[in-house]
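> Pasting the sequence and the predicted coordinates here, then a few questions.
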Amino acid sequence: MKKIIPNLVVFLICGQSVILAQNTDINLLKKINLNRNRSLDGTFKLITNSAGPIAIGTPVILCGAGLIKHDSILVRKSLNIGASIAVTAIISTIIKYSVNRTRPFDTYPFIEKESAGGSPSFPSGHTSQAFALATSLSLNYPEWYVIAPSFIWAGTVGYSRMDLGVHYPSDVLAGAIIGAGCAWLTFRVNHLLYDKPGTKRKSAFNKR
């Protein structure tokens, strides 16, 4: 009995914390989704639908340009960016189907669904792709005119997922963290591979 009571208390506290977090999540989503400017739905749909094509197309275009120019540094950076997108997609998909969170519009009928959303909700795949690209571009090309527009676009993609009613705020936050984290990890691994002492590739990789 002495062991059961403390365990029950812990269970009740954890359960209450989950409920409070869920309430905060849906309340914030309600404010964003139901109070949105509906005249901007088309714009946000365009932005949300740009995540996949831009995330995939950017490294492909950079790689093509590098091959045409015979620029090995550009090719290498494009492959690094592409790898970060691929790693992010794999990690996000694994987490999605492990957590298997129901979409907000399925759980709460008052949420207005204005975009596609078929797979599990957590994390936001669009957001993770966008932040993976923004972070990877910023690490490979650390200039303000790359960093600022990249993260403004990624942030707008994340916001659009809530505005259009297909993701909770926590889905978007997790997607941003996963995307940025995978991009940073991929970048660091790339550096470790190319920064080995005695390799000719070190000086080439560090050129900006």
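Great, that's in hand.

> Keeping just the C-alphas, turn whichever strand or helix holds Pro149 into PDB.
Applying DSSP states H and E as the criterion places Pro149 in helix 144-163. Output of helix 144-163 as PDB, limited to C-alpha atoms (Å, rounded to 0.1, in the frame of the first residue of the first chain):
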ATOM      1  CA  TRP A 144      22.400  37.400 -43.800                       C
ATOM      2  CA  TYR A 145      20.800  37.400 -47.200                       C
ATOM      3  CA  VAL A 146      20.600  33.600 -47.100                       C
ATOM      4  CA  ILE A 147      19.800  33.200 -43.400                       C
ATOM      5  CA  ALA A 148      17.000  35.800 -43.100                       C
ATOM      6  CA  PRO A 149      14.800  34.800 -46.000                       C
ATOM      7  CA  SER A 150      15.400  31.100 -45.300                       C
ATOM      8  CA  PHE A 151      14.100  31.200 -41.800                       C
ATOM      9  CA  ILE A 152      11.400  33.700 -42.600                       C
ATOM     10  CA  TRP A 153      10.100  31.200 -45.200                       C
ATOM     11  CA  ALA A 154      10.500  28.200 -42.800                       C
ATOM     12  CA  GLY A 155       8.700  30.000 -40.000                       C
ATOM     13  CA  THR A 156       5.900  31.000 -42.400                       C
ATOM     14  CA  VAL A 157       5.500  27.400 -43.500                       C
ATOM     15  CA  GLY A 158       5.200  26.300 -39.800                       C
ATOM     16  CA  TYR A 159       2.700  29.000 -39.100                       C
ATOM     17  CA  SER A 160       0.600  28.000 -42.200                       C
ATOM     18  CA  ARG A 161       0.200  24.500 -40.900                       C
ATOM     19  CA  MET A 162      -1.600  25.900 -37.800                       C
ATOM     20  CA  ASP A 163      -3.400  28.600 -39.700                       C
END
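
> Next SSE downstream of it?
Using DSSP H and E, the first helix or strand after helix 144-163 is helix 169-194.

> contacting residues around the spatially most central residue of the chain?
When Cα atoms, centre = their mean is applied to the chain, the residue found nearest the centroid is Ser128 (1.2 Å). Contacts for Ser128 (Cβ atoms under 8 Å, 6 or more residues apart in numbering) come out as 88-89, 91-92, 175-176, 178-179, 182. Placement of C-beta: from N, CA and C, glycine included.
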